[in-house]
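1. sequence below, structure please.
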Amino acid sequence: MNANEKTLNLFSTRVRQMILQYNEVKKENNELYSLVDARDREIKQLQAQLAQAQSDYKSLMMAKMIEISDTDIESAQKRLAKLIRDVNKCITLLSEK
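-> Numbering: from 1, shown residues only. This is a model prediction of the structure:
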């Protein structure tokens, strides 16, 4: 084997090695892109869940505020009825004297 044949064999061997490395890197790149796509889908799903949870939270807070208002109205009505009874008692006592 002369020097040219050795150089040519070495060159072809290196080219084959580079092709194999290229195929491995290409496969790894595809896997990474798939992983990134899966993560993007997961992020979108989690963002949708977060938006839904925030909406539910706002609805629950509004319902709680309305519930508190209803309770306040009921307790105010009870206090007012008690005050009216007390005034009626006072009027009755004053009219007896």
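2. only C-alpha atoms for contact and neighbour calcs from this point on.
-> Will do.
3. just the pLDDT for the spatially most central residue of the chain.
-> Per CA atoms, centre = their mean, the C-alpha nearest to the average position across the chain is that of Leu50, at 2.1 Å. At Leu50, the model reports a pLDDT of 96.
4. can you check the one 4 residues further on too?
-> The pLDDT attached to Gln54 in the predicted structure is 95.
5. now Leu32
-> pLDDT for Leu32: 97.
6. which element is Ala76 on?
-> Using DSSP states H and E, Ala76 sits within helix 3-96.
7. now do that helix: distance to the chain's middle.
-> Between the centre of helix 3-96 and the centre of its chain there are 1 Å (CA atoms, centre = their mean, to the nearest Å).
8. how much space between Arg14 and Thr7?
-> For Arg14, the distance to Thr7 equals 10 Å [CA to CA, to the nearest Å].
9. oh sorry, the question was meant for Leu83
-> In terms of CA to CA, Leu83 sits 111 Å off from Thr7.
10. likewise for Lys78?
-> Remark: distance between Lys78 and Thr7 (CA to CA) = 104 Å.
11. where does the protein have low pLDDT?
-> Within the chain, the ranges that satisfy pLDDT under 70 run 1, 68-70, 97.
12. and if we set it to 90?
-> Applying pLDDT under 90 to the chain flags residues 1-5, 59-80, 83, 89-97.
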